[in-house]
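J.: build me a model from this:
(one chain, ligands or ions: 1)
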Amino acid sequence: MPKIPAHIAFIMDGNGRWAQRQQLPRKVGHRVGGENAIRMIKACCKRGVKILTLFAFSSENWNRPKQEVTEILHILRTLFDREVQQIHALNICMRVIGDLSHLPSALYTKIKEIECLTRDKTGLILVIAIGYGGQWDILQAVQALAQQVSQGLLRAEDITHERFSQQLQLLDLPAPDLCIRTGGEYRISNFLLWHLAYSELYFTSILWPDFNDLALDEAITAYTARDRRFGTLHEITA
Ligand code: FPP
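T.: Numbers count the residues shown, from 1 in each chain. Model prediction:
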């Protein structure tokens, strides 16, 4: 039985190429990708993953053509509307991280509603990154702490690793143990820059809509074989 990573993070890449390969509009790729996100949430629940973080929409994705941005945000809202009862029934606690200030108000309201509804759930913690950028996250943490310093509430020398981490969007959640990127690119794309410092990275050429249970199990098996030394000379079990 492989050791299941407590926290898995996904960079869900390849929706557009998946659609293009089948001569379908890109929005169909996002729609199928969205359905796959729901499947993977359930797959992670089943495997006993404790925290699942999905990179749904990056701060840079705002620079895509307006129509595509609208389509992606519409897909997210439709999925949230449709899945809210399931999320609840599966005992999932859902949190959204990112700069939500530019979201359409209906999507924003829905997110807050689900966060509130699932706040006390004790199963999988599902984190969805929307309008999220790792650099933005670090900046907003620095600004919050600088403000406390300028108000005399905090001394600069008291800004510890722990205090800084707690200002980041993941708050008290531990860093991902395993970060999986689909779609064949080998980069982090401004995802959880602070938190990925010692995460195990797994890259696959499978396009996100095709990433299935078997692929997930392969990624977990690969993770199990890694030696996690965190800069030391011997393995440290998370
Ligand atoms: C990247 O594919 C994917 C996105 C920009 C995000 C879309 C994600 C969803 C619709 C699923 C979210 C759903 C939930 C419930 C969290 P790409 O367009 O960059 O693909 P490409 O590299 O092939 O063009």
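J.: can we go C-alpha only for contacts and neighbour counts from here?
T.: OK.
J.: which residues of this protein fall in strands?
T.: Using DSSP state E, the strands of the chain run over residues 7-11, 51-58, 93-97, 125-132, 178-181, 200-203.
J.: who's in contact with stretch 111-130?
T.: Outside stretch 111-130, the residues that touch it by CA atoms under 8 Å, 6 or more residues apart in numbering are 41, 45, 48-59, 80, 84, 87-88, 90-100.
J.: so which of these also contact the ligand?
T.: Among those, the residues lying close to the ligand (CA under 6 Å from any ligand atom) are 54, 56, 57.
J.: which of those residues lies closest to residue 215?
T.: residue 54 (16.3 Å; CA to CA).
J.: hey, what's that closest one bridged with?
T.: Per DSSP bridges, the residues bridged to residue 54 are residue 10, residue 128.
J.: how many residues are close by it?
T.: 23 (other CA atoms under 10 Å).
J.: just checking, it touches residue 33?
T.: No. Counting by CA atoms under 8 Å, residue 54 does not reach residue 33; the two are 11.7 Å apart.
J.: which residues are in contact with both of these two?
T.: Counting by CA under 8 Å, 6+ apart, the residues touching both residue 54 and residue 33 are residue 12.
J.: from the contacts of stretch 111-130, which would you call buried?
T.: 41, 45, 49-59, 80, 84, 87-88, 91-100 (16 or more other CA atoms under 10 Å).
J.: which other helices and strands contact the longest helix along the chain?
T.: The longest helix of the chain (DSSP state H) is helix 66-89. With contacts taken as 3 or more CA pairs under 8 Å, 6 or more residues apart in numbering; DSSP states H and E, helix 66-89 sits against helix 26-46, helix 105-118.
J.: any buried residues in the shortest one, and which?
T.: To tie it back to what came earlier, the one meant is helix 105-118. Within helix 105-118, judged by 16+ other CA under 10 Å, the buried ones are 107, 110, 111, 114, 117, 118.
J.: just the first one next, same as before
T.: Of all the residues in helix 26-46, those buried under the rule 16+ other CA under 10 Å are 26-34, 36-37, 40-45.
J.: the ligand contacts on the protein?
T.: 12-17, 30-31, 33-34, 37-38, 54, 56-57, 72, 76, 128.
J.: let's see it at 5 Å
T.: 13, 14, 15, 16, 17, 30, 34, 56 (CA under 5 Å from any ligand atom).
J.: determine which two of those are furthest apart.
T.: Among the residues of the chain next to the ligand, 17 and 56 lie farthest apart (CA to CA), at 16.3 Å.
J.: make TSV out of the buried residues of helix 105-118 and add pLDDT.
T.: Formatted as TSV, the buried residues of helix 105-118 follow (pLDDT from 0 to 100):
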residue	pLDDT
107	98
110	97
111	98
114	96
117	96
118	97
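J.: of those, closest to the ligand?
T.: residue 111 (11.4 Å; CA to the nearest ligand atom).
J.: surely residue 203 and residue 211 touch.
T.: No. Using CA under 8 Å, residue 203 is not in contact with residue 211; the gap is 11.8 Å.
J.: neighbour count winner among the two?
T.: residue 211 (20 against 16).
J.: which residue of the protein sits farthest from its center?
T.: Residue farthest from the centre of the chain, counting by CA atoms, centre = their mean, is residue 152 at 34.4 Å.
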